[in-house]
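Enquirer: Next one to model:
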Amino acid sequence: MKERAEAAKKRREEDRAAKLQETEDALKEDEEKSAEEKATEIKETMEKWDEERDAEDEAAEEDDPEKPNLEEMMEKEKETIRTQREADEGFLEEFANTLLEKGIQVINDLNSDTSAQFVHTKLNARLNENIQLRPDLIEKQ
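Expert: Presented below is the predicted three-dimensional model:
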């Protein structure tokens, strides 16, 4: 969207410079008008051109089929992330079940939306709980 806006701005500046040059060239040959009158006419012509161009650009932007739609783009990305997350959760669940079948300890449902220090503390607490529940783990170590 940013690239598109910059390209439109650049095109407009080039077109405006061309129109300004065209207007100045047309008024150079008119010797009946003073420099002040020419400057006023150039200013009025360019103001009119700006207004017309604004309306033209706005209409073109609305009718453009290639115009990016931010809401659609965001929804598409959200869906992609949602799909990836579901796939990851499915894989992790399968992996945890496989580990449990082999007798390997798995800590599920640990919320990691907090600080790393808090997650570390929670992990240690869960490990200590499991060691207390299974004294056979201490003997193996």
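Enquirer: domain ranges for this protein?
Expert: 2-70, 106-141 (automatic domain parsing).
Enquirer: Low-confidence bits of this structure, can you list those?
Expert: 63, 65, 109, 130-141 (pLDDT under 70).
Enquirer: mind checking which helix or strand the residue lying farthest from the centre of it is in?
Expert: Most distant from the centre of the chain: Glu32, at 56.0 Å, with distances by C-alpha atoms, centre = their mean. Using DSSP states H and E, Glu32 falls within no helix or strand.
Enquirer: Okay, it and Asp25: tell me how far apart.
Expert: For Glu32, the distance to Asp25 equals 16 Å [C-beta to C-beta, to the nearest Å]. Glycine gets a C-beta too; all of them are placed from N, C-alpha and C.
Enquirer: Over to Leu100?
Expert: The value you get for Leu100 to Asp25, if C-beta to C-beta is used, is 83 Å.
Enquirer: Neighbour count: these two, which is higher?
Expert: Leu100 (12 against 9; other C-beta atoms under 10 Å).
Enquirer: can I assume that one is in contact with Asn108?
Expert: No. Using C-beta atoms under 8 Å, Leu100 is not in contact with Asn108; the gap is 9.5 Å.
Enquirer: ok, and the closest non-adjacent residue to Met46?
Expert: Of all residues not flanking Met46 in the chain, Leu20 sits nearest, at 6.2 Å (C-beta to C-beta, 6 or more residues apart in numbering).
Enquirer: what about the one you found, which helix or strand?
Expert: Using DSSP H and E, Leu20 falls in helix 2-28.
Enquirer: helices or strands up against that helix?
Expert: helix 35-63 (3 or more C-beta pairs under 8 Å, 6 or more residues apart in numbering; DSSP states H and E).
Enquirer: tell me which residues in the longest helix anywhere in the chain are buried?
Expert: Of all segments of type helix in the chain, defined using DSSP state H, the longest is helix 70-101. Residues of helix 70-101 include none that count as buried (16 or more other C-beta atoms under 10 Å).
Enquirer: Skip ahead from that helix and say which helix or strand is next.
Expert: helix 116-133.
Enquirer: can you dump the C-alpha coordinates of that next one into PDB?
Expert: Output in PDB follows, covering the C-alpha atoms of helix 116-133 (Å, rounded to 0.1, in the frame of the first residue of the first chain):
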ATOM      1  CA  ALA A 116      10.600 -15.900  30.700                       C
ATOM      2  CA  GLN A 117      11.500 -15.900  34.400                       C
ATOM      3  CA  PHE A 118       7.900 -16.700  35.400                       C
ATOM      4  CA  VAL A 119       7.800 -19.600  32.800                       C
ATOM      5  CA  HIS A 120      11.000 -20.900  34.200                       C
ATOM      6  CA  THR A 121       9.700 -20.800  37.800                       C
ATOM      7  CA  LYS A 122       6.500 -22.600  36.700                       C
ATOM      8  CA  LEU A 123       8.500 -25.300  34.900                       C
ATOM      9  CA  ASN A 124      10.700 -25.900  38.000                       C
ATOM     10  CA  ALA A 125       7.600 -26.100  40.200                       C
ATOM     11  CA  ARG A 126       5.900 -28.700  37.800                       C
ATOM     12  CA  LEU A 127       9.100 -30.700  37.600                       C
ATOM     13  CA  ASN A 128       9.400 -30.800  41.400                       C
ATOM     14  CA  GLU A 129       5.700 -31.900  41.700                       C
ATOM     15  CA  ASN A 130       6.300 -34.700  39.300                       C
ATOM     16  CA  ILE A 131       9.500 -35.800  41.100                       C
ATOM     17  CA  GLN A 132       7.600 -35.900  44.400                       C
ATOM     18  CA  LEU A 133       4.800 -37.900  42.800                       C
END
